[in-house]
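S.K.: with the input below, show me the fold.
(one chain, ligands or ions: 2)
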Amino acid sequence: MQEYSLLINGEESGQNLDKIEISNPATQEVFATVPKGGTEEARQAVDAAHAAFPAWAKLTASERSELLFKWAELIDNETEDLAKTMTLEQGKPLKEAEGEIAYANGFIKWYAEEGKRIYGEMVPASKENKRIFVHKQPVGVTAVITPWNFPAAMITRKVGPALAAGCTVVIKPASSTPLTAIKLVQLAEKAGIPKGVINLVTGKSSEISEEWLRDERVSKITFTGSTEVGKTLMKGAADTVKKISLELGGHAPAIVMEDCDLNKAVDGVLASKFRNAGQTCVCTNRIYVHEAIADEFTEHFSKKVKELKLGNGLEEGVDLGPLIDQDAVDKVAEHIQDAKDKGAKVELGGSSRDGLYFEPTVLSNVTDDMQCMNEETFGPLAPITTFSTEEEAIKRANDSIYGLAAYVFTENISVGIRISEGLEYGIVGLNDGLPSSPQAPFGGFKQSGLGREGGHQGIDEYLETKYISVGM
Ligand SMILES: NC(=O)C1=CN([C@@H]2O[C@H](COP(=O)(O)OP(=O)(O)OC[C@H]3O[C@@H](n4cnc5c(N)ncnc54)[C@H](OP(=O)(O)O)[C@@H]3O)[C@@H](O)[C@H]2O)C=CC1
Ligand SMILES: O=C(O)[C@H](O)CS(=O)(=O)O
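M.R.: Ligands and ions are numbered 1, 2, ... in the order given. Okay, the predicted model is just below:
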């Protein structure tokens with residue numbers, strides 16, 4: 001049994017606390033423990049981050065960049081161990097875990113550069129005896145709360161820009177997948193990032209977050225997870241008017257036009273739908289296919305889904321690992337049963353397997369009143385429905401409280417641009433089922449969140465704007 005610690009001010013701590021058991025979703029066996037921290041540990045983490053902030057912010061952007069690149073180098077060197085840890089605690093196939101480590105490291109490398117491009121400006125004053133200088137500076141101590149589905153990328157997508165901007169952080173990873181985050185923070189300290197710049201606490205999420213929300217020294221909260229928890233944090237941030245960034249739930253539509261390249265559309269929807277066994281906030285949740293090609297698409301798509309291999313993520317050739325827990329399995333089963341009760345046809349799959357495995361499932365004859373067409377399934381369920389006109393497809397695709405990602409497949413560039421412009425989503429994959437990248441501003445409209453992560457926009461979330469007016 002591997003026992004991990006809290007990481008506060010460069011020290012391992014929490015060994016005396018009760019433990020949280022970490023189990024492998026592929027086998028449901030407990031293989032590690034982390035401390036069950038609470039209010040006191042949350043406060044100690046802020047003490048450390050607050051003490052470290054002045055010196056970290058005082059470094060030049062180039063000095064911070066060098067330390068971030070050193071961190072990235074150590075992560076690259078440890079990819080195999082980090083990926084295996086991720087598969088053990090989260091379940092995704094090893095090849096996907098390796099891909100996530102590279103994706104996660106991409107944010108550190110990107111912001112190691114972006115931090116050197118935090119430009120100010122000089123504004124022509126309206127009075128000749130004045131000069132106006134606009135200057136950006138780090139917001140300060142930032143609280144980072146992350147979900148279980150991307151144990152590395154959701155950490156670095158926040159910590160990368162925060163550190164590059166000159167902020168210090170306190171992190172609370174998801175209780176089911178804290179180990180990858182702990183190893184990333186250990187590598188940061190090995191890279192020479194000073195004590196107290198990055199602190200990590202595991203434990204009672206609401207107790208820890210309530211302490212961070214209460215503490216005036218915490219200037220910002222950045223959260224990725226469910227819309228429900230995001231709203232709780234948003235309300236809590238109001239008491240001290242903290243800055244907040246939220247990456248929340250999604251319910252992505254995929255629109256497959258009659259003039260699509262069928263192979264491109266099938267492969268794109270397949271990649272979007274079944275990545276991480278459907279446990280991503282940008283997974284396709286609704287598949288709208290033009291009525292003229294619905295049968296052909298469904299047949300071709302189901303044939304490709306049938307080839308997907310379900311199994312333990314550590315095994316060679318596995319495409320889908322287990323779901324994260326029994327609640328996740330139950331939710332997929334509930335959505336399938338509801339759809340069947342309302343007339344859907346199961347083209348493929350439809351059942352859970354031993355343990356936390358769920359068969360990749362394709363439904364046809366789907367209607368908009370079904371739960372899966374309105375609630376995030378967060379699992380390997382692909383509901384197919386048909387449409388007649390472009391206007392109908394856009395209207396139905398936009399009929400959601402969410403607005404994170406959407407997908408369009410067409411070979412007509414004018415149609416593709418026109419539909420993309422009409423979709424109320426922060427991310428549109430046009431003939432692209434995997435649009436996420438560190439270079440792009442990831443984030444959603446409506447109840448999918450606030451703010452952007454990635455791109456040059458992502459560092460703005462960690463900066464304050466100040467102007468200096470000089471009387472001459
Ligand atoms: N937009 C995006 O980029 C993403 C959105 N999501 C969304 O998140 C959901 C799945 O992730 P999941 O981890 O279950 O989401 P949750 O919102 O349940 O948990 C996310 C994080 O918040 C913590 N948390 C839970 N309850 C509270 C609380 N009351 N106060 C403070 N923190 C709390 C959790 O801690 P603990 O683990 O201890 O419960 C975890 O660290 C889906 O809805 C998915 O769409 C997920 C990933 C990315
Ligand atoms: O948590 C998620 O679902 C991620 O944000 C999706 S992605 O960034 O890996 O595309």
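S.K.: what's the neighbour count on F387?
M.R.: 20 (other C-beta atoms under 10 Å). Using the backbone N, CA and C atoms, a C-beta is placed for each residue, glycine as well.
S.K.: what sits against it?
M.R.: Shown in contact with F387 (C-beta atoms under 8 Å, 6 or more residues apart in numbering): I255, Y288, V289, H290, E291, A393, R396.
S.K.: tell me the centre residue of the protein?
M.R.: Closest to where the C-alpha atoms of the chain average out (C-alpha atoms, centre = their mean) is M154, at 4.9 Å.
S.K.: what strand or helix carries S23?
M.R.: strand 19-24 (DSSP states H and E).
S.K.: now G115, nearest residue through space, not along the chain?
M.R.: Excluding its sequence neighbours, the residue lying closest to G115 (C-beta to C-beta, 6 or more residues apart in numbering) is A164, at 3.1 Å.
S.K.: all helices for the stretch 251-400 of the chain, in order.
M.R.: Counting by DSSP state H, counting those that start in this stretch, the stretch 251-400 of the chain has helices at residues 262-274, 294-306, 326-341, 390-398.
S.K.: closest to Y425 out of these?
M.R.: Closest to Y425 of the helices of the stretch 251-400 of the chain, according to C-beta to C-beta: helix 390-398, at 8.2 Å.
S.K.: close to ligand 2, is the helix or strand following that closest one?
M.R.: Remark: after helix 390-398, the chain's next helix or strand is strand 402-403, criterion DSSP H and E. No: applying C-beta under 6 Å from any ligand atom, one finds strand 402-403 out of contact with ligand 2, separated by at least 12.5 Å.
S.K.: just give the number of residues close to E73.
M.R.: Using other C-beta under 10 Å: E73 sits among 15 other residues.
S.K.: that should have said E216, apologies.
M.R.: Count around E216 with other C-beta under 10 Å applied: 11.
S.K.: so which residues on the protein come close to ligand 2?
M.R.: So the chain meets ligand 2 at N149, F150, A153, M154, T224, T280, C281, V282, S436, F442 (C-beta under 6 Å from any ligand atom).
S.K.: before we move on, back to that, and the average pLDDT for the one helix or strand the residue nearest to G115 maps to is what?
M.R.: Assigned by DSSP H and E, A164 belongs to helix 153-165. Computed over helix 153-165, the mean pLDDT rounds to 98.
S.K.: hang on, the earlier thing: turn the helices of the stretch 251-400 of the chain into JSON lines, including mean neighbour count.
M.R.: As requested, the helices of the stretch 251-400 of the chain are exported to JSON lines (neighbours: other C-beta atoms under 10 Å):
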{"stretch": "helix 262-274", "mean neighbour count": "21"}
{"stretch": "helix 294-306", "mean neighbour count": "17"}
{"stretch": "helix 326-341", "mean neighbour count": "18"}
{"stretch": "helix 390-398", "mean neighbour count": "18"}
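S.K.: of the ones you listed, which approaches K92 most closely?
M.R.: Of the helices of the stretch 251-400 of the chain, nearest to K92 by C-beta to C-beta is helix 262-274, at 11.2 Å.
S.K.: give me the neighbour count for the residue lying closest to P322 once chain neighbours are set aside.
M.R.: Closest residue to P322 apart from its sequence neighbours, by C-beta to C-beta, 6+ apart: L356 at 3.8 Å. Neighbour count for L356, taken as other C-beta under 10 Å: 22.
S.K.: now L356: how far from L363?
M.R.: Here the criterion is C-beta to C-beta, to the nearest Å. By it, L356 lies 21 Å from L363.
S.K.: ok, R157 next?
M.R.: Counting by C-beta to C-beta, the gap from R157 to L363 is 32 Å.
S.K.: E3 now?
M.R.: 44 Å.
S.K.: the more surrounded of the two?
M.R.: Taking other C-beta under 10 Å, E3 and L363 do not tie; L363 has more neighbours (26 against 11).
S.K.: that one contacts K345, correct?
M.R.: Yes: counting by C-beta atoms under 8 Å, K345 is a contact partner of L363 at 6.7 Å.
S.K.: all helices in the stretch 51-200 of the chain, in order from the N-terminus.
M.R.: With helices called from DSSP H, counting those that start in this stretch, the stretch 51-200 of the chain shows them at 61-77, 79-90, 94-114, 153-165, 179-190.
S.K.: deepest-packed of those helices, please.
M.R.: Burial of the helices of the stretch 51-200 of the chain is given as mean neighbour count (mean count of other C-beta atoms under 10 Å); helix 153-165 ranks first at a mean of 29.
S.K.: most proximal residue of the stretch 301-450 of the chain with respect to ligand 2?
M.R.: With C-beta to the nearest ligand atom, the shortest gap between the stretch 301-450 of the chain and ligand 2 falls at S436, namely 3.2 Å.
S.K.: count of neighbours near that residue?
M.R.: 20.
S.K.: same check on Q15?
M.R.: Considering only other C-beta under 10 Å, Q15 is surrounded by 11 other residues.
S.K.: got the contact list for L17?
M.R.: P35, K36, G37, E41, G203.
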